[in-house]
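Engineer: Provided below for reference: sequence and predicted model.
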Amino acid sequence: MPLGFGSDNDEFSAMNLLQPLNLPPYPFKLTDQNGQLFIFDEIRKKNLLLTPEEWVRQHFVQYLIKERRYPKSLIKLEGGLRQNGIARRSDIVVFNTYGQKILMVECKAPAVEITQSVFDQIARYNITHQVPLLAVSNGLQHYYCTIDFTQRSYVFIEQLPPYNAT
């Protein structure tokens, strides 16, 4: 391992964190700090402790920027919101050039199954955000849907539209 992990257990843990996802691979800047692996977040411009969920979030951000052409400057990560007096964090929110929220993404670790409760979570967040396009991903499976607030309905779509189509 290029990061200099000392024991076989460290290497096994690092390999679990760096598992291949159903997203294109990207050249992330990874560093080992006292036996802990960190990944550089180019949106927040800082190193973050690498967790399985962070691995998915960073891949999805790069997917948005490089494959779907969402401008990096319009992406906000782990934005705070309050629901029923409780502080929550949305993983990824993307804005248009007018400052309107156009996409919200909920990321889970690859080991977390995408279930109804995951969709319920992003739906609860969307009560506050009112975003017309939602995505849920565990890095292996991705689901996208559009929300029609006037009809109070949603439609699943096959793939995430590119930025210019939103």
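Structural biologist: Everything's here; your move. Numbers count the residues shown, from 1 in each chain.
Engineer: OK, contacts around the closest residue to Gln36 other than its chain neighbours?
Structural biologist: In space, Gln36 comes closest to Leu49 once its chain neighbours are excluded; the distance is 6.2 Å by CB to CB, 6 or more residues apart in numbering. For the C-beta atoms, the positions are set from N, CA and C on the backbone; glycine is no exception. With CB atoms under 8 Å, 6 or more residues apart in numbering as the criterion, the residues that contact Leu49 are 36-38.
Engineer: may I ask which of those has the most neighbours?
Structural biologist: For the contacts of Leu49, the largest number of neighbours (other CB atoms under 10 Å) sits with Leu37, at 22 neighbours.
Engineer: so how far is Tyr154 from that one?
Structural biologist: 37 Å (CB to CB, to the nearest Å).
Engineer: may I see the buried residues of the longest helix anywhere in the chain?
Structural biologist: If each helix of the chain is counted by residues according to DSSP state H, the longest one is helix 116-129. The neighbour-count criterion (16 or more other CB atoms under 10 Å) identifies 118-119, 121-122, 125-126 as the buried residues of helix 116-129.
Engineer: also stretch 129-143?
Structural biologist: Taking 16+ other CB under 10 Å as the basis for neighbour counts, the residues of stretch 129-143 that come out buried are 131-140, 142-143.
Engineer: on the three-state scheme, Leu140 is what?
Structural biologist: Per DSSP: H, G, I helix; E, B strand; the rest coil, the secondary structure class of Leu140 is coil.
Engineer: try the one 10 residues further on
Structural biologist: Assigned state for Thr150: coil (three-state reduction, three-state DSSP).
Engineer: how about the one 4 residues further on?
Structural biologist: Recorded secondary structure, Tyr154: strand (three-state DSSP).
Engineer: what sits against it?
Structural biologist: Residues near Tyr154 by CB under 8 Å, 6+ apart: 134, 145-148.
Engineer: so of those residues, which ones are in strands?
Structural biologist: Those of these mapping onto strands are 134, 145-148, per DSSP state E.
Engineer: adding pLDDT and distance to Arg89, write those residues out as CSV.
Structural biologist: Rendered in CSV, the data for these read as follows (pLDDT from 0 to 100; distance: CB to CB, whole Å):
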residue, pLDDT, distance to Arg89
Leu134, 96, 16
Cys145, 95, 21
Thr146, 95, 23
Ile147, 92, 20
Asp148, 91, 26
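Engineer: this completes my enquiry, with thanks.
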